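Enquirer: kindly return the folded structure for what I paste below:
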Amino acid sequence: MIGGKSDAKADNMHGVKKKVVETKKAKKAAKDPDKAKSPASAFFIFMEDFRKQFKEENPKNKSKVPIHIAGGEKWKQLSDAEKAPYMAETRKWLADYHKKKDAYKKRVAAEDSDEEKSYKSLFEVD
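Expert: Numbering: from 1, shown residues only. Here you go, the predicted structure:
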């Protein structure tokens, strides 16, 4: 039918089927929940404390925007000495993250080698 819609799902003009693009949900589902999560930066650790303080000082504020703006301004005004506790906390979390990440990699490598061995054993002849 010229110029009209066809009942079949449309491919491109040359009859080549399009590749199926993975959806965001499919990509998200593929992530391993046991994988170590990267640690928060010093700024985000600071913001946890700042949010509590800001909410105590401004109980009527329901919006998040003023908290984020005020937190960013406050962070810029802090000296390196005032930022030091947050940096130390980040370093501690980072060290813990690297330990968990290394353990995860070892576990995954062991699982992969076990699967490979079991697959090879199917084809071995005694």
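Enquirer: when you work out contacts or count neighbours from here on, use the C-alpha atoms and nothing else.
Expert: Will do.
Enquirer: where does pLDDT dip in the protein?
Expert: When residues are selected by pLDDT under 70, those of the chain lie in 1-30, 114-126.
Enquirer: and the strands in it?
Expert: For the chain, no strands turn up when DSSP state E is the criterion.
Enquirer: for this structure, what's the longest helix?
Expert: With DSSP state H setting the assignment, residue counts place helix 80-123 as the longest helix in the chain.
Enquirer: tell me which strands and helices that one is in contact with?
Expert: The helices and strands touching helix 80-123, judged by 3 or more C-alpha pairs under 8 Å, 6 or more residues apart in numbering; DSSP states H and E, are helix 42-57.
Enquirer: residues in contact with the helix it packs on: which ones?
Expert: Under the criterion C-alpha atoms under 8 Å, 6 or more residues apart in numbering, residues Asn61, Ile67, Gly71, Trp75, Lys83, Tyr86, Met87, Glu89, Thr90 lie in contact with helix 42-57.
Enquirer: write a PyMOL command that selects only the buried members of those residues.
Expert: Restricted to buried positions by 16 or more other C-alpha atoms under 10 Å, the PyMOL selection for those reads:
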select buried, resi 67+71+75+83+86+87+89+90
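Enquirer: so which residues make contact with stretch 81-96?
Expert: The set of residues that contact stretch 81-96 without belonging to it, under C-alpha under 8 Å, 6+ apart, is Ser38, Pro39, Ala40, Ser41, Ala42, Phe43, Ile45, Phe46.
Enquirer: the longest helix of the chain to helix 42-57, inter-axis angle?
Expert: For the pair helix 80-123 and helix 42-57, the angle between their directions (axes from the mean of the first three to the mean of the last three C-alpha atoms, to 10 degrees) equals 120 degrees.
Enquirer: neighbours around the nearest residue to Ser38 once chain neighbours are set aside, how many?
Expert: Closest residue to Ser38 in three dimensions, ignoring its sequence neighbours and counting by C-alpha to C-alpha, 6 or more residues apart in numbering: Tyr97, at 6.4 Å. For Tyr97, the tally of surrounding residues (other C-alpha atoms under 10 Å) stands at 16.
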